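Asker: Need a 3D model of the following:
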Amino acid sequence: MLARAGALPAAFYHGDAALRRDRDTVFMRSWQLVADASRLADIGDHVVTEIAGVPLVLVRGEDGRVRALHNVCRHRAGPLATCDGRGARRLRCRYHGWTYALDGRLLAASGMEEAEGFDTSAIALPEAQVATWQGLVFAALGNVPPLADVLDGIDARIGTDALAGYVRHGRVAYDIACDWKVYVDNYLEGYHVPHVHPQLNRMLDYRSYRTECARWHSLQWSPLESAGDIYGNGEALYYWIWPNTMLNILPGRLQTNRVLPLGDGRCRVEFDFFHAPDTDPARIARDAEFSDVVQQEDIAICEQVQRGLESGSYHAGRLSPARESGVHHFHECLRDAYRSAMPRPAPDERACIEPESTA
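Answerer: Numbering: from 1, shown residues only. Presented below is the predicted three-dimensional model:
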């Protein structure tokens, strides 16, 4: 219940146990934004990424299908691709030269001619799930709901294919000394905006700032004020998609964020910038410059919060029902994920922990 809600305890934000828990229960079981479709436009185009420590190479095959292949050779775990690229005809291991088709089938393994029972046709690279939405490519390793269910309702708000025609203008990444959840918490509330982001606060109507929560995503939105030379008039829409993807949608502009855990108390945030065709280059430059100002402010406060969480002083505080419903929603999704991974007691054990019937 939001009116009585409290934040996650500090122990969930640091330490090896928290890292393993998030890897196994969150990142192994969720859709991850891994590329935009323009980077996989033609046969052989490929993008290197990873999910929960599993290296992947996304590649468009000769059949036109985009696959997310494990970027791990079936011989002795060498890499098949070490960087993004265009027009590859094959995937060749950088370690011993085993060669795979673009659909993951092993084609050749030199030096294996005398290996008894070795069957090239029986070997293929494992695949992750892939789905595309509004020109963005998502991948998932484990058992996940359909991507359409995760994103349900967003098309109705922004329009079908409203973002698909936008042009990518590059990526900026920040390495931050905070747990990935600290950054997501910060993103999910406008409570801090008047105190941390003075310039952004002048652009947003804080009194009209609202948060709407769905099953697997949430939306923060506000009318824009005094944002003419960068964003123009309209609305600022800030979508969070479980667990670590953000879509910042403003008039004529999309910015995607992906928050990646790097280790204990560290994360990386990747920002890709997209703009409507024929957008003034000067406006694009102002957008990038202002975005960096906001990110530097967020980095400073998130790193300070991380130090507070690790200090031993903090005990889980209460959440503001009016301003932190998005944070509460995220924490409830995390709690569900953590509970789902807990071992279920056997029937005889259950009898020991459940109360006796009073009937």
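
Asker: mind checking how far Arg207 is from His331?
Answerer: Using CB to CB, to the nearest Å, Arg207 is found at 26 Å from His331. To be clear about C-beta, it is placed using only N, CA and C from the backbone, and glycine gets the same treatment.

Asker: These two - which one has more neighbours?
Answerer: Between Arg207 and His331, counted using other CB atoms under 10 Å, His331 has the larger neighbour count: 22 against 7.

Asker: For the helix or strand that contains the more buried one, buried residues please.
Answerer: Element membership for His331, per DSSP states H and E: helix 325-340. By neighbour count on 16 or more other CB atoms under 10 Å, the buried set for helix 325-340 is Ser325, Gly326, Val327, His328, His329, Phe330, His331, Cys333, Leu334, Ala337, Tyr338.

Asker: mind saving the C-alpha coords of it as CSV?
Answerer: Taking Å, rounded to 0.1, in the frame of the first residue of the first chain, the C-alpha atoms of helix 325-340 are listed here in CSV:
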residue,chain,number,x,y,z
SER,A,325,4.8,6.2,-6.6
GLY,A,326,7.3,5.3,-9.4
VAL,A,327,10.0,4.3,-6.9
HIS,A,328,7.5,2.2,-5.0
HIS,A,329,6.4,0.5,-8.2
PHE,A,330,10.0,-0.3,-9.1
HIS,A,331,10.7,-1.6,-5.6
GLU,A,332,7.6,-3.9,-5.7
CYS,A,333,8.8,-5.3,-9.1
LEU,A,334,12.1,-6.0,-7.4
ARG,A,335,10.5,-7.6,-4.4
ASP,A,336,8.4,-9.8,-6.8
ALA,A,337,11.6,-10.8,-8.6
TYR,A,338,13.5,-11.6,-5.5
ARG,A,339,10.6,-13.6,-4.0
SER,A,340,10.2,-15.6,-7.2
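
Asker: Give me the contact list for that helix.
Answerer: Residues from elsewhere that reach helix 325-340, judged by CB atoms under 8 Å, 6 or more residues apart in numbering: 2, 5, 7-8, 12, 21, 25-26, 29, 181, 184-185, 188-189, 211, 213, 216, 218, 220, 240, 242-243, 319.

Asker: Got the phi and psi for Asp103?
Answerer: Summarising the backbone geometry of Asp103 under the convention degrees, to the nearest 10, its torsions are phi -100, psi 10.

Asker: give me every residue that touches it.
Answerer: Each residue near Asp103 by CB under 8 Å, 6+ apart is listed here: Gly61, Glu62, Asp63, Arg65, Arg67.
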